[in-house]
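**Student:** Quick one, fold the following:
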Amino acid sequence: MQRPREIREAAEGRGRQAEARAAAALEAEGWTVLARRVRTGAGEIDLVAERAGLLAFVEVKARPTLAEAAFALRPAQRRRLVGAAGAWLAAHPGRGAAGIRFDVLLVDGAGQVRRIADAFRPEE
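**Tutor:** Alright, predicted model coming up:
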């Protein structure tokens, strides 16, 4: 039986692998990954990427299937991501001249990646 620490470490490893696959997929589409695993007082951002002035704050969700991954982003996580994005923007003025969006990259157990561009908008 795995101990809690072993379980956390295994999950951490799977998360890092999923983020690496997601970053590679973005780069293959012409995006520049500006930051990975950004920690702010408001929360964490998995990836920050930019292409032609468009800035994307990216949440990576890894699950056994793409369908399971698609349903893994909860409203509280969205709010934290929006807050973290605001903190990142405050520290990096001038980024996102062509706009800002929130993407979700889904990674399944086989390593397949699917991107949901502009997955949600901040609540007004």
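
**Student:** By residue count, tell me the biggest helix in the chain.
**Tutor:** helix 4-28 (DSSP state H).

**Student:** Packing partners of the helix or strand Arg79 falls within?
**Tutor:** Here Arg79 is covered by helix 75-91, with elements defined by DSSP states H and E. With contacts taken as 3 or more C-beta pairs under 8 Å, 6 or more residues apart in numbering; DSSP states H and E, helix 75-91 sits against strand 32-40, strand 43-51, strand 54-62, strand 99-107. All C-beta atoms are positioned from the backbone trio N, CA, C, and that covers glycine.

**Student:** Go again with 6 Å.
**Tutor:** Packed against helix 75-91 by the contact rule (3 or more C-beta pairs under 6 Å, 6 or more residues apart in numbering; DSSP states H and E) you find strand 32-40, strand 43-51.

**Student:** Buried residues of the longest helix of the chain, list them for me.
**Tutor:** 15, 18-19, 21-23, 25-26 (16 or more other C-beta atoms under 10 Å).

**Student:** Okay, angle between it and strand 54-62 too, please.
**Tutor:** 140 degrees (axes from the mean of the first three to the mean of the last three C-alpha atoms, to 10 degrees).

**Student:** so how far is helix 4-28 off the chain centroid?
**Tutor:** Remark: helix 4-28 is offset 11 Å from the chain centroid, using C-alpha atoms, centre = their mean, to the nearest Å.

**Student:** same thing with stretch 108-121?
**Tutor:** With C-alpha atoms, centre = their mean as the basis, stretch 108-121 stands 9 Å off its chain's centre.
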